[in-house]
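> this one's structure only:
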């Protein structure tokens with residue numbers, strides 16, 4: 001039989017289809033690409049994952065009224081521990097713990113009151129106004145535990161989950177150049193979280209993951225929005241509410 005006839009032989013079609021399926025979907029039995037066994041759900045049924053996370057925070061809740069810039073942007077870090085031990089069709093099911101810290105800074109300039117050491121303007125004889133930059137900040141420390149799902153998708157690992165836990169929040173506002181006039185509010189509130197990430201294993205189950213993370217604190221703590229409000233003014237806005245994190249993580253699967 002000639003080579004051309006062999007290639008077009010009907011008996012070769014099932015073999016060609018099987019080979020194409022294996023190449024497209026990474027059927028079990030084939031070597032994992034670059035040692036990334038996490039991509040093979042048949043070979044690696046139980047997976048433990050560790051993520052070291054960098055966060056870019058976006059304040060989307062009621063607390064944004066306390067900032068001059070809208071929306072307030074912040075930064076932070078976190079860690080996630082995941083264990084997927086149960087196979088559900090093409091996915092793995094398990095649990096995850098996440099903890100982290102996100103901070104939203106707000107810079108303000110204040111005039112320093114004149115004192116005997118204040119420089120004098122030689123032309124006018126008046127004290128030269130001195131200004132200082134001080135940073136107010138809203139910070140959240142979060143701890144959550146909840147269910148997690150992991151979906152190997154060819155060369156990607158898609159993970160999504162939710163959790164509940166505790167949020168420890170701190171609002172510190174600078175009202176003037178005098179530190180004794182600073183305002184500080186602390187809260188300990190229940191928290192829910194939901195997030196998803198797309199991981200790219202690079203070699204030997206180590207790689208990067210890009211994701212989003214939503215957090216909602218159930219807080220009744222209120223503060224006065226206007227820093228120039230008179231002493232004793234009633235609080236008029238919740239300060240600890242919702243935030244969204246865009247995350248980039250170094251991730252390892254074992």
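It's in. Being a predicted model, the structure only gives us computed values, none of them experimental.
> What are the contacting residues of the helix or strand harbouring residue 216?
Secondary structure assigned from DSSP states H and E places residue 216 in strand 206-217. Here strand 206-217 makes contact (Cβ atoms under 8 Å, 6 or more residues apart in numbering) with 36, 51, 55, 61, 98, 140, 142, 157, 159, 167, 169, 187, 189-202, 240-253. (Glycine included, C-beta is placed from N, CA and C.)
> Could you tell me which residues within the helix or strand containing residue 169 count as buried?
Assigned by DSSP H and E, residue 169 belongs to strand 156-173. By 16 or more other Cβ atoms under 10 Å, the buried positions in strand 156-173 come out as 157-163, 165, 167-171, 173.
> Go through the residues you listed and say which is closest to residue 73.
residue 171 (16.5 Å; Cβ to Cβ).
> the helices in the stretch 1-150 of the chain, which residues?
Applying DSSP state H, counting those that start in this stretch to the stretch 1-150 of the chain gives helices spanning 3-7, 12-25.
> And for residue 223, nearest residue in space, chain neighbours not counted?
Excluding its sequence neighbours, the residue lying closest to residue 223 (Cβ to Cβ, 6 or more residues apart in numbering) is residue 239, at 4.8 Å.
> Name the nearest residue to residue 72, ignoring sequence neighbours.
residue 59 (4.1 Å).
> so how far is residue 217 from the one you found?
For residue 59, the distance to residue 217 equals 12 Å [Cβ to Cβ, to the nearest Å].
> can you point me to the longest strand in this protein?
When the chain is parsed with DSSP state E, its longest strand is strand 130-153.
> Tell me the buried residues in it?
Buried, per 16+ other Cβ under 10 Å, within strand 130-153: 134, 136, 138-144, 146, 148-152.
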